[in-house]
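S.K.: Coordinates for the following, if possible.
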Amino acid sequence: MGAHTAFLAAHARPDLVSQLIMLEGHVAGGKEPEDSQAIGEYFRTWPRFFGSTDEAKQTLGNSPLGRAWTADLEATSEGLQPRFDADIMESTIAAVHYPRWQEWESLTVLSGSKSSKRFSG
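M.R.: Residues are numbered from 1 along each chain as shown. Model prediction:
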């Protein structure tokens, strides 16, 4: 969702964005609208609180993404917890899962020293 959000920001406020590099971005935020439901289901499998960082790592994995999720957990008196609600995360992701061609095509794309008004990739 980061690349999608970035290109929408670049469209809305070109005065704030001089360059934009998008990796794995999609005009609709993702290839399948159902992805948001799968993400919400995944987040709902997490325990409400993790007893320790090691427990979180064991649950979330040692991949770069798993380590990032673990590092972002908030320490509370009850344990480590996510900084977001799974249902809100799912509905937020679902809200961007529709094509935004007008915004996408409004961006000027530079390739080396050439520029093109239309993005086709």
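S.K.: Show me the shaky parts of the chain.
M.R.: 1, 110-121 (pLDDT under 70).
S.K.: Helices of that one, start to end?
M.R.: 2-12, 35-44, 53-60, 64-71, 86-95, 101-105 (DSSP state H).
S.K.: Can you tell me which of these is nearest to residue 27?
M.R.: Across the helices of the chain, residue 27 has its closest neighbour in helix 101-105 (4.7 Å, C-beta to C-beta). In this view, the C-beta of every residue, glycine as well, is placed from N, C-alpha and C.
S.K.: Please name every helix or strand in contact with the closest one.
M.R.: With contacts taken as 3 or more C-beta pairs under 8 Å, 6 or more residues apart in numbering; DSSP states H and E, helix 101-105 sits against helix 2-12.
S.K.: Can you spell out which helices and strands pack onto the helix it packs on?
M.R.: Using 3+ C-beta pairs under 8 Å, 6+ apart: helix 2-12 touches helix 101-105.
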